[in-house]
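Asker: Have a look at this fold, sequence not included:
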């Protein structure tokens, strides 16, 4: 077996897509007489500064010999948009079965999903393992390429994405996709197929807005269901298509941690109580802070998360939460949160039992007194508060969801869920 990893062939400005490069490489392998066992689409750490969109690296698993694959990979890398100085492609070709990569390579793959890795480490580790490598520019793509090679051994959970590609003459033009057909197909196969349409806005999130070759990408837990949805979409001609195993929708980027141990440019799942009430700031961004008695962490629901911000605004000081998201500039960018305990009472000025009016302070440490009736109370009293929220998990809508974040509808969470679709 041979495993080849690819990364950083695309450009924010001029398009292309590394999934397309991997699909083209798979075609070349088949034309050369090889069999392609699977294609991997691996989402790496979403906090990486130099990512184009979703920070994806790709791998192809084949039975073609490594030397021939290396030649075909070199030809495929000509697709890279290297006129853009930010595009620095890399490829790694491993002469082994994907489950038999050295454990150091598997460890590197998981680390690349959860933290920032560097080219020097990727180069050293590739050479140590005896893998061939190709690079252009500064070779930054070697990081993702090696991570893609090690991903099958490193990760346990996989979902699927079926991607349809456009005719090359249409790249960079507006896509012709009938939204009604997308919605109908998505409804027919939900929740096996998820994050196809944002139902609140009606926006087809499966259709990208960039100049890349992708026409649409259908994600789900079953590859046949993904292909069925894709086949039901009415659109401009589909030039080619491919189905990928992927770590999208798995939350594998999240690390369980205490509030005091989080660090920049990684994503976490941490628990604490609300210590600063939600505040809406300029631009519509909502901020609050959670703490554990020793450490406080600022959290934010930014404007693109839309209606999710109303869930955050409904929180109160004292509510106990588990919050999930990437930490950047000292702020956790909320992807989802779980309400563990809600504060359901508040201390208020007592009401006179005779006239039903609010009492007044009788003086420092002297309780409260009704000025009209003369009744008194020792201090503030508990009053029940009706809450809009319930216990359980809340998430951003599909239009704001990160590729790697797990939709609540997929299940497996430690509490009730309130899915968005």
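Answerer: Thanks, I have it. Just so you know, these numbers come straight off a predicted model, no measurement behind them.
Asker: Kindly report the domain assignment for this structure.
Answerer: 2-154, 159-246, 254-344+386-418, 345-384 (automatic domain parsing).
Asker: how about those domains in TSV, adding mean pLDDT and mean neighbour count?
Answerer: Where you see a C-beta, it was placed from the backbone N, CA and C, and this is true even at glycine. Listed next are the domains of the chain as TSV, based on pLDDT from 0 to 100; neighbours: other Cβ atoms under 10 Å:
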stretch	mean pLDDT	mean neighbour count
domain 2-154	92	21
domain 159-246	96	19
domain 254-344+386-418	96	18
domain 345-384	85	13
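Asker: from the chain's centre, how far out does the longest strand along the chain sit?
Answerer: Criterion DSSP state E: the longest strand present in the chain is strand 266-280. Distance, stretch centre to chain centre, for strand 266-280: 18 Å (Cα atoms, centre = their mean, to the nearest Å).
Asker: for stretch 41-49, same thing?
Answerer: Distance, stretch centre to chain centre, for stretch 41-49: 9 Å (Cα atoms, centre = their mean).
Asker: same deal with stretch 276-291?
Answerer: Using Cα atoms, centre = their mean, the offset of stretch 276-291 from its chain centre is 22 Å.
Asker: Just to check, residue 244 is in contact with residue 158?
Answerer: No - using Cβ atoms under 8 Å, residue 244 makes no contact with residue 158, being 9.5 Å away.
Asker: Residue 142 should be in a strand, yeah?
Answerer: No - looking at residue 142 with DSSP: H, G, I helix; E, B strand; the rest coil, it is helix, so not inside a strand.
Asker: start at 821 instead
Answerer: Noted, 821 is the first residue going forward, which turns the last one into residue 962.
Asker: Setting aside sequence neighbours, what's the nearest residue to it?
Answerer: Excluding the flanking residues, the one nearest residue 962 by Cβ to Cβ, 6 or more residues apart in numbering is residue 910, at 3.5 Å.
Asker: what do you get for residue 847?
Answerer: residue 1060 (7.8 Å).
Asker: OK, contacts around residue 1073?
Answerer: Contact analysis of residue 1073 by Cβ atoms under 8 Å, 6 or more residues apart in numbering lists 863, 865-866, 933-934, 1087, 1146, 1224-1225.
Asker: Could you report the separation of residue 1217 from residue 1021?
Answerer: From residue 1217 across to residue 1021, the span is 8 Å (Cβ to Cβ, to the nearest Å).
Asker: Overlap in contacts, the two.
Answerer: In contact with both residue 1217 and residue 1021: residue 1126, using Cβ under 8 Å, 6+ apart.
Asker: hmm, which two among the contacts of residue 1073 are most spread apart?
Answerer: Within these, two members stand farthest from each other by Cβ to Cβ: 934 and 1225, at 13.7 Å.
Asker: list the contacts for the residue nearest to residue 911 when sequence neighbours are not counted?
Answerer: In space, and not counting its chain neighbours, residue 911 is closest to residue 954: 4.3 Å by Cβ to Cβ, 6+ apart. Counting by Cβ under 8 Å, 6+ apart, residue 954 touches 890, 893-894, 897, 909-913.
Asker: same check, this time on residue 849
Answerer: 855-856, 880, 882, 884, 889, 892.
Asker: and after the host helix or strand of it, which helix or strand comes next?
Answerer: When elements are assigned from DSSP states H and E, residue 849 belongs to helix 838-851. The element immediately downstream of helix 838-851 (helix or strand, assigned by DSSP H and E) is strand 856-863.
Asker: for the helix or strand that that following strand is followed by, packing partners?
Answerer: Proceeding N to C from strand 856-863, the next assigned helix or strand is strand 876-882, under DSSP H and E. On a contact count with 3 or more Cβ pairs under 8 Å, 6 or more residues apart in numbering; DSSP states H and E, strand 876-882 meets strand 822-827, helix 838-851, strand 856-863, helix 961-974.
Asker: Show me the contact partners of the third one.
Answerer: Put plainly, it is strand 856-863. Under Cβ under 8 Å, 6+ apart, the answer for strand 856-863 is 821, 839, 842-843, 846, 849-850, 874-883, 929, 933, 964, 967-968, 971-972, 975, 981, 1062-1068, 1073, 1223-1224.
Asker: same thing but 6 Å
Answerer: With contacts defined as Cβ atoms under 6 Å, 6 or more residues apart in numbering, strand 856-863 is touched by 839, 842, 846, 849, 874, 876-877, 879-882, 968, 971, 1062, 1064-1068, 1223-1224.
Asker: just to revisit the earlier point, I'd like to know which of the contacts of residue 849 is nearest to residue 949.
Answerer: Closest to residue 949, out of all of those and judged by Cβ to Cβ, is residue 889, at 15.7 Å.
Asker: tell me which element the closest one falls in.
Answerer: Assigned by DSSP H and E, residue 889 falls in helix 886-896.
Asker: same thing with residue 1136?
Answerer: Here residue 1136 is assigned to no helix or strand, by DSSP H and E.
Asker: mind listing what the closest residue to residue 1181 other than its chain neighbours touches?
Answerer: In space, and not counting its chain neighbours, residue 1181 is closest to residue 1188: 6.0 Å by Cβ to Cβ, 6+ apart. Neighbour list for residue 1188: 1170, 1179, 1182, 1197 [criterion: Cβ under 6 Å, 6+ apart].
Asker: circling back: want to try a markdown table for the contacts of residue 849, with distance to residue 1055 as columns?
Answerer: Listed next are those as a markdown table, based on distance: Cβ to Cβ, whole Å:
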| residue | distance to residue 1055 |
| --- | --- |
| 855 | 30 |
| 856 | 25 |
| 880 | 26 |
| 882 | 30 |
| 884 | 33 |
| 889 | 33 |
| 892 | 30 |
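Asker: quick revisit: adjacent strands (with direction) for the longest strand of the chain?
Answerer: strand 1074-1076 (parallel), strand 1106-1111 (antiparallel), strand 1140-1148 (antiparallel) (DSSP bridges).
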